[in-house]
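Asker: Generate coordinates for the sequence data below:
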Amino acid sequence: MKDLIMTGWCGVEFAIMASRTVPIMHRYATKHGMDLAVENLAGAKPPSWEKVSGMIAGLHEYDRVLWIDCDVVIADDQVNLFDEIQDGAVQALVEHDTPDGLVPNCGVWAVTQEMLGVLQEIDDTTHNLNHPWWEQASILEHMGYEVTEGPKATLGVPTLLYKQTQFLSPRWNHQPRDAKKPANARFYHATGYDDRIAFVTAIANATEVAK
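Answerer: Purely as a prediction, here's the structure:
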């Protein structure tokens, strides 16, 4: 398999976080035989949406793409996330148990070439362009979730995409509001923290000390 890690950002706050997280991602990619690509997410759409077109382009060259938001710190690099993905899964992500409902999170999001059609379809739509969850809202809808502006998510009738989705252990995407959040995550996501830069810096420093 030819695998790619992708990340990206725009804006000063995210650039500061990326300066700490991307070198760790590069080390992770190198360790597990993957390539790393960095995207400029400044464009016509909100930044979170811009990653979709990048992933589409990536899947035209690679068998599998793992998107990692730039505010995610890899604290444990021993396991290749792709080794966790089971046969038949076209995407893999963590579903958080939050006050907003059961919410799959696209901040750490592995996809295969079988996801190209779905990604292109949501990239061509605009109805969730400014939803607080952006492209994630559209992915949830494709999986059968009912998504409201709250934002809230409630699973309705599971779709084929839902059945082809692998829900990863929350160790792959620590989120503070997740009732299932582990004490020892592999990937720590700064979303949900009041001071994301301070959180990223603390985890990155601890990771470097551990090395």
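Asker: What residues of the longest helix along the chain count as buried?
Answerer: Counting by DSSP state H, the longest helix found in the chain is helix 12-31. For helix 12-31, a neighbour-count test (16 or more other C-beta atoms under 10 Å) marks Phe14, Ile16, Met17, Ala18, Arg20, Thr21, Val22, Ile24, Met25, His26, Tyr28, Ala29 as buried. Backbone N, C-alpha and C define where each C-beta goes, glycine included.
Asker: How about stretch 194-205?
Answerer: So for stretch 194-205, counting by 16+ other C-beta under 10 Å, buried means Arg196, Phe199, Val200, Thr201, Ala202, Ile203, Ala204.
Asker: And these, which is closest to Arg186?
Answerer: Nearest to Arg186 out of these is Ile203 (C-beta to C-beta; 11.4 Å).
Asker: packing partners for the helix or strand containing that closest one?
Answerer: Ile203 belongs to helix 196-210 when assigned by DSSP states H and E. Secondary-structure packing of helix 196-210 (3 or more C-beta pairs under 8 Å, 6 or more residues apart in numbering; DSSP states H and E): helix 12-31, strand 72-74.
Asker: mind putting the ones you listed in a markdown table, distance to Arg171 and mean pLDDT included?
Answerer: As requested, the helices and strands packed on helix 196-210 are exported to a markdown table (distance: least, C-beta to C-beta, whole Å; pLDDT from 0 to 100):
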| stretch | distance to Arg171 | mean pLDDT |
| --- | --- | --- |
| helix 12-31 | 15 | 98 |
| strand 72-74 | 12 | 98 |
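Asker: can you list those in CSV and add distance to Glu146?
Answerer: Converted to CSV, the helices and strands packed on helix 196-210 look like this (distance: least, C-beta to C-beta, whole Å):
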stretch, distance to Glu146
helix 12-31, 30
strand 72-74, 27
